[in-house]
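A.B. asks: sequence and predicted structure, then a few things I'm wondering about:
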Amino acid sequence: MFESIKSWFSNDIGIDLGTANSLVYLKDKGIVLREPSVVAIQAGTKKVLAVGNEAKAMLGRTPGNIVAIRPMKDGVIADFDVTEEMLRHFISKVQHRKLVEPRVVVAVPSGITEVERRAVEDSVTRAGAREFYPIKQPLAAAIGAGLPVAEPAGNMVVDIGGGTAEIAVISLANIVQATSLRVGGDQFDNAIIGHLKGAHNLKIGERTAEEIKLKIGSAFPMDEEMTMEVKGLAISSGLPHTVTIRSEEIRDALKDPLSSILESIRQVLEQCPPELAGDLVDRGIVVAGGGALLRGIDRLIAKETQLPVSIADEPLITVANGTGQVLRNIDFWRRAAA
């Protein structure tokens, strides 16, 4: 009863604390914040100057006394103090003068260690949460995608975020088989940066690599291939230079990180109980996260697994929506995880 009274005076929150972007779900209101997981700090002091969208605009463009950093790496906290400040900023932005600190549900990688989990809990608590509840990302993604995870049948989700790919088979509201690999959108970007450097003698930054990925990146041959002009620095001269690149070469550059994800999907399927694996012949695989937006990734996974594959509705917000669903029935999910 005391908790129900508290809920009148606080906004319980769900957070998808991502390597690239963080989303905040406010109970009964939906997603109210979606910003890059970037913080601009004053060099040498760690004084926070900007968070989120404002800080991302500074990436690669800051003077020497300002550093724009991403405090999350590979789905876990790389800089504890800066992550805490980022969380404090996000929580205060959506709390709006509530009298009681919120309960906070946070999606965490399925392969998170106890030390990493404790770091998330400490950051969230010190940032203003009265209660911390972790939920594994693939389970949050499956819930957010609307899969019938509480049924005694197999559901498979592949959630490709900025720093990790989470692959899981879920039944009876629990993860039956899963793997978490530190391959995601960041590794796609790094592969593109490496390709431009090796094949075109051109140095580009993360933002340009992401733009290339979004504009002409693909995982599977397209009906109409594309080209794109890219500006950067010629490595030989150090001067600004422009090259034209083709979608085929970018697809080839992405083969290694994509192969890692495909291999992990195969491993999860091989280790899955036969009855649940049989369910997937009809139910198929759902792909979520920013990586789901890479053209043809559903066709590539379908070709490799011989299973039906679909992209989640609004894949960028699937995990955050899942945290929101957990907030609505947190007692059930506590019991299910026990």
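C.D. replies: Here it is on my side, so go on. Being a predicted model, the structure only gives us computed values, none of them experimental.

A.B. asks: and the nearest residue to Val32 once chain neighbours are set aside, backbone torsions?
C.D. replies: Leaving aside its sequence neighbours, Val32 sits nearest to Leu26 (C-beta to C-beta, 6 or more residues apart in numbering; 4.6 Å). Where C-beta positions appear, they are placed from N, C-alpha and C, glycine not excepted. When read as degrees, to the nearest 10, the backbone of Leu26 gives phi -100, psi 130.

A.B. asks: any idea how far the nearest residue to Ala234 once chain neighbours are set aside lies from Gly111?
C.D. replies: Once flanking residues are discounted, Ala234 sits nearest to His241: 3.8 Å by C-beta to C-beta, 6+ apart. Using C-beta to C-beta, to the nearest Å, His241 is found at 41 Å from Gly111.

A.B. asks: Ala141 too?
C.D. replies: Ala141 is 15 Å from Gly111, by C-beta to C-beta.

A.B. asks: contacts only, for Glu151.
C.D. replies: Applying C-beta atoms under 8 Å, 6 or more residues apart in numbering to Glu151 gives the contacts 171-172.

A.B. asks: ugh, wrong one, Leu87
C.D. replies: 15, 17, 123-124, 127-128.

A.B. asks: let's see if you can find the most crowded of those.
C.D. replies: Within these, most neighbours by other C-beta atoms under 10 Å means Leu17, with 29 neighbours.

A.B. asks: separation between the nearest residue to that residue once chain neighbours are set aside and Leu147?
C.D. replies: Taking C-beta to C-beta, 6+ apart, and ignoring the residues beside it in sequence, Leu17 has Val106 as its nearest neighbour in space, at 5.7 Å. To Leu147, Val106 is 20 Å away according to C-beta to C-beta.

A.B. asks: okay, these two: which has more neighbours?
C.D. replies: Set Val106 next to Leu147 and count neighbours by other C-beta under 10 Å: Val106 wins out with 23 against 20.

A.B. asks: the more buried one pairs with what?
C.D. replies: Residues in a beta bridge with Val106, per DSSP bridges, are Ile15, Pro134.

A.B. asks: then Lys231?
C.D. replies: Thr242.

A.B. asks: any idea how far Leu239 is from it?
C.D. replies: For Lys231 relative to Leu239 (C-beta to C-beta), the value is 11 Å.

A.B. asks: looking at these two, which is more packed in?
C.D. replies: Lys231 (11 against 7).

A.B. asks: pull the contacting residues for that one.
C.D. replies: 208, 240-242.

A.B. asks: okay, now Pro240: neighbour count?
C.D. replies: 9.

A.B. asks: let me see the contact set for it.
C.D. replies: 231-234.

A.B. asks: pLDDT at it, what is it?
C.D. replies: Pro240 carries a pLDDT score of 96 in this model.

A.B. asks: next one: phi and psi at it?
C.D. replies: Dihedral angles (degrees, to the nearest 10) for Pro240: phi -60, psi 140.

A.B. asks: any idea how far Leu202 is from it?
C.D. replies: Taking C-beta to C-beta, one finds Pro240 at 10 Å from Leu202.

A.B. asks: for this structure, which segments count as helices?
C.D. replies: Ranges of helices in the chain, per DSSP state H, are 2-8, 53-56, 80-95, 114-126, 137-144, 185-200, 206-216, 247-253, 255-271, 274-283, 297-305, 318-328, 330-337.

A.B. asks: re the thing from before, so the residue nearest to Ala234 makes contact with Glu229?
C.D. replies: No - counting by C-beta atoms under 8 Å, Glu229 is not a contact partner of His241; they are 10.9 Å apart.

A.B. asks: more crowded one of the two?
C.D. replies: More crowded of His241 and Glu229, by other C-beta under 10 Å: His241, with 17 against 8.

A.B. asks: low-confidence ranges, this protein, go.
C.D. replies: Scanning the chain with the threshold set as pLDDT under 70 gives 1-10, 59-60, 62, 96-99, 337-338.

A.B. asks: show me how it divides into domains.
C.D. replies: The chain breaks down into these domains under automatic domain parsing: 2-140+318-337, 147-183+256-316, 185-253.

A.B. asks: determine how far the last one lies from the middle of the whole chain.
C.D. replies: Domain 185-253 has its C-alpha centroid displaced from the chain centroid by 22 Å (C-alpha atoms, centre = their mean, to the nearest Å).

A.B. asks: kindly check the end-to-end length of that domain for me.
C.D. replies: With C-alpha to C-alpha, to the nearest Å applied, domain 185-253 spans 13 Å between its terminal residues.

A.B. asks: cool, and the second one?
C.D. replies: According to C-alpha to C-alpha, domain 147-183+256-316 extends 16 Å from its N-terminal end residue to its C-terminal end residue.
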